[in-house]
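[1] mind folding the following:
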Amino acid sequence: MKTVCLYFEIHQNIHLKRYRFFDIGTDHYYYDDYENERSIQETAERSYVPALQALLEMSARYGSYFKCAISLSGSAIELLERYAPQVLDLLSQLNDTGCVEFLAEPYSHGFSSMTNRETFREEVKRLCKKVKTLFGKEPKIFRNSCLIYSDEIGAEVADMGFKGMLAEGAKHVLGWQSPHFVYHCSRNPKLKLLLRDHSLSEDISFRFNDSSWSEYPLFADTYAKWIAELPDEGQVVNLFMELCALGIFQPLSSNILEFMKALPEQLKQRGVVFSTPSEICSKMKSAGALNVPYPTSWVDEERDLSPWLGNDMQREALEKLYSVADRVRICNDKRLKQDYDYLQASNNFRFMSTKANSYGGYRGIYDSPYDAFTNFMNILGDFNSRINNLYPEFDNDELNALLTTIKNQDEELARKDKEIEKLQHLLGQLEEMEGGFAKAEKPAEPAKKAAPAKKATKPAPKAKAAAPAKAAAKPAAKPAAAAKPAAKKAAPKAKPVAAKPAAPKTTAKKAAAKPAKK
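    Numbering: from 1, shown residues only. Reported below is the predicted structural model:
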């Protein structure tokens, strides 16, 4: 039986304002508040609110049959809390239905998974804590920024305790293999991988309203038929997309929401079910390891990192941004930490791309990728000067040595924590074994209580004692020759007992008799 895993991403970029070279050192606020408020409210009105209402309607109509998954970036949560709280209310209502699973991802929606291990872990923990605060659930499945995945990232995610991760079903990685199976990380088999079917996903998110597409217009029964007619060996069909595909990429006038509402009924008629990522990872076995030595993503035809790191400007900006990651991580300035989250967002690097097809030509407030690079580097110059001012007594070498010491201490503490966990696990096993022994001994107690009934029948030993007497009487009736040896054997036993006490008695009588003669 085939199962569909439907996943939506919610992410909104924090728009930067025009920041010139002469602002460095004088202006420490980098954001265009008007554009941030306008864009999130417009997205909520045109996409998030009607899309979530449609998901609530689908949940009420189909009950436990319909399921989906959603992830939110930290910057999106902050913007929604500030400018569109109704979206979070709808997400809470959807959470109450039990049909949705919330996934984890880096708080900043940046590239810390490839550049700084400690920053990456800290961001993921912070987002998990935020999700649990909002919805009362701890994420068990991980989804990286832009669906970026590699063997190294997978091993790190598995080490953080996640049991599954979403990734792109890139052709150059899969080769002859199909994305309709569950795979596992080549470096840690405990981490299962769910691969996006990019063709079926983009039929909805990109091509649905394209009148030049050969399948236009697309109807729910046709789409459900495509899924049902996939080879029977396939286990799962992963449909991953941004939530703003429902209303922004595909306008509401295209009837995209009516298509989504009709899809579960058509799939149900064809024996296809819905499952959350956790359910799939728990129930389905892995078809094998997936080797991904170089990072993949879900963007552009190449499915790689070229939209964000494809030219020298992007790579220089990324290197300079993450060169201060350790300093930001150990500082206690909340404003600096928040600024660092916003500057890491992937969109800031996407605006610098020189690829013709990248991001559909959208560049925000910038006229060109060079304009975006100049603006970002001006902001980054002011930000780095603020970081350096936090540690005026240290030069770079001393600060790097301090950070290395802190890193080593963290690693040592992590090793100790693992040892403690192992010992606690061993102690728990020993306690279980002791409890098992105690339970095994308890059934013997009733047998001990029944023992008095056996004591009542102890006249039998007396009969056994009389039997030897009869046996002894029989040899007595035999000739005297046979009786003499028995007497000889009994004599030695009587000598030590009678001789020792008898001696003092006879001497005492003689001593008493002598005075009588006198």
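[2] do you know how far Gly381 is from Leu309?
    21 Å (Cβ to Cβ, to the nearest Å). From N, CA and C alone the C-beta is placed, and that goes for glycine too.
[3] among the two, which residue is more densely surrounded?
    Leu309 (20 against 15; other Cβ atoms under 10 Å).
[4] skipping its backbone neighbours, what lies nearest that one in space?
    Arg315 (5.5 Å; Cβ to Cβ, 6 or more residues apart in numbering).
[5] what mean pLDDT does whatever helix or strand the one you found lives in get?
    Using DSSP states H and E, Arg315 sits within helix 312-322. Averaged across helix 312-322, pLDDT comes to 96.
[6] list the buried residues for that helix?
    313-314, 317-318, 321-322 (16 or more other Cβ atoms under 10 Å).
[7] now for it, which elements pack on it?
    helix 112-115, helix 306-309, helix 346-350, helix 369-389 (3 or more Cβ pairs under 8 Å, 6 or more residues apart in numbering; DSSP states H and E).
[8] low pLDDT regions in the stretch 101-250 of the chain?
    For the stretch 101-250 of the chain, no stretch has pLDDT under 70.
[9] so which residues of it form strands?
    141-142, 164-168, 183-185, 192-196, 236-242, 246-247, 250-251 (DSSP state E, counting those that start in this stretch).
[10] the fourth one packs against which elements?
    Identification of packing neighbours for strand 192-196 by 3+ Cβ pairs under 8 Å, 6+ apart yields strand 164-168, strand 183-185, strand 236-242, helix 277-283.
[11] direction included, what does the second one pair against?
    Strand 183-185 has the following strand partners under DSSP bridges: strand 192-196 (antiparallel), strand 289-290 (parallel).
[12] contacts for the shortest one?
    Strand 289-290 is contacted by residues 167, 173-174, 177, 183-186, 189, 193, 195 when judged by Cβ atoms under 8 Å, 6 or more residues apart in numbering.
[13] for the residue most central in space within the chain, phi and psi?
    What sits nearest the mean C-alpha location of the chain, by Cα atoms, centre = their mean, is Phe162, with 1.8 Å. Taking degrees, to the nearest 10, you get phi -80, psi 140 for the backbone angles of Phe162.
[14] the helix holding Arg315: what's the following helix or strand?
    In N-to-C order, the element after helix 312-322 by DSSP H and E is helix 325-330.
[15] rewinding a little: could the strands of the stretch 101-250 of the chain go into CSV alongside distance to Asp203 and mean neighbour count?
    Output for the strands of the stretch 101-250 of the chain, formatted as CSV (distance: least, Cβ to Cβ, whole Å; neighbours: other Cβ atoms under 10 Å):
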stretch, distance to Asp203, mean neighbour count
strand 141-142, 24, 26
strand 164-168, 16, 26
strand 183-185, 23, 24
strand 192-196, 12, 24
strand 236-242, 9, 22
strand 246-247, 13, 26
strand 250-251, 11, 19
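[16] tell me, how many neighbours does Asn388 end up with?
    14.
[17] repeat for the one 10 residues further on
    As a burial measure, Glu398 scores 11 neighbours (other Cβ under 10 Å).
[18] which helices and strands sit right next to the host helix or strand of it?
    Remark: Glu398 resides in helix 396-441, with elements defined by DSSP H and E. Secondary-structure packing of helix 396-441 (3+ Cβ pairs under 8 Å, 6+ apart): helix 325-330.
[19] tell me what the helix it packs on is packed against?
    Short answer (3+ Cβ pairs under 8 Å, 6+ apart): helix 325-330 packs on helix 117-135, helix 334-344, helix 396-441.
[20] if we use 10 Å, what do you get?
    Where contact means 3 or more Cβ pairs under 10 Å, 6 or more residues apart in numbering; DSSP states H and E, helix 325-330 is packed against helix 112-115, helix 117-135, helix 334-344, helix 369-389, helix 396-441.
[21] what does that helix contact?
    112, 115-123, 321-322, 336-337, 339-341, 343-344, 383-384, 387-388, 390-391, 394, 399-400, 402-404, 406-407 (Cβ atoms under 10 Å, 6 or more residues apart in numbering).
[22] redo that, cut-off 7 Å
    For helix 325-330, the external contacting residues (Cβ atoms under 7 Å, 6 or more residues apart in numbering) are 115-116, 118-119, 122, 336-337, 340, 387, 399, 403, 406.
[23] pull out the buried members of the residues you listed.
    Buried among those by 16+ other Cβ under 10 Å: 115-116, 118-119, 122, 336, 340, 387, 399, 403.
[24] just put those in JSON lines and tack on distance to Pro217.
    Shown next, in JSON lines, are the buried ones among the contacts of helix 325-330 (distance: Cβ to Cβ, whole Å):
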{"residue": "Thr115", "distance to Pro217": "44"}
{"residue": "Asn116", "distance to Pro217": "47"}
{"residue": "Glu118", "distance to Pro217": "50"}
{"residue": "Thr119", "distance to Pro217": "46"}
{"residue": "Glu122", "distance to Pro217": "47"}
{"residue": "Leu336", "distance to Pro217": "51"}
{"residue": "Tyr340", "distance to Pro217": "46"}
{"residue": "Ile387", "distance to Pro217": "54"}
{"residue": "Leu399", "distance to Pro217": "61"}
{"residue": "Leu403", "distance to Pro217": "58"}
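[25] quick one: which of these is nearest to Ser75?
    Nearest to Ser75 among the buried ones among the contacts of helix 325-330: Tyr340, at 11.6 Å, using Cβ to Cβ.
[26] what sits closest to that closest one if chain neighbours are left out?
    Per Cβ to Cβ, 6+ apart, closest to Tyr340 is Val328, 4.8 Å.
[27] pLDDT score assigned to the one you found?
    92.
[28] so it versus Asn389, what's the distance?
    13 Å.
[29] next, count neighbours for Ala54.
    Around Ala54 there are 17 residues (other Cβ under 10 Å).
[30] start the count at 35, not 1, going forward
    Renumbered: residue one is now 35, and that last one reads Ala88.
[31] show me the contacts for Pro298.
    92, 96, 99-100.
[32] restricted to strands, list those residues.
    Among the contacts of Pro298, no member falls in strands (DSSP state E).
[33] and the two most separated of those residues?
    Met92 and Tyr99 (9.4 Å).
[34] these two: which is more packed in?
    Met92 (26 against 15).
[35] ok, now which ones touch the more buried one?
    Met92 touches 100, 295, 298, counting by Cβ under 7 Å, 6+ apart.
[36] ok, now Phe242?
    For Phe242, counting by Cβ under 7 Å, 6+ apart, the contacting residues are 252, 284, 288, 290.
[37] quick check: the first one vs Asn272, distance?
    To tie it back to what came earlier, the one meant is Leu252. The value you get for Leu252 to Asn272, if Cβ to Cβ is used, is 19 Å.
[38] how about the second one?
    When distances are taken as Cβ to Cβ, Gln284 and Asn272 turn out to be 19 Å apart.
[39] you'd agree the residue nearest to the centre of the chain is up against Lys174?
    Yes: Phe196 lies in contact with Lys174 (Cβ atoms under 7 Å); the separation is 6.4 Å.
[40] and Lys489, what pLDDT?
    45.
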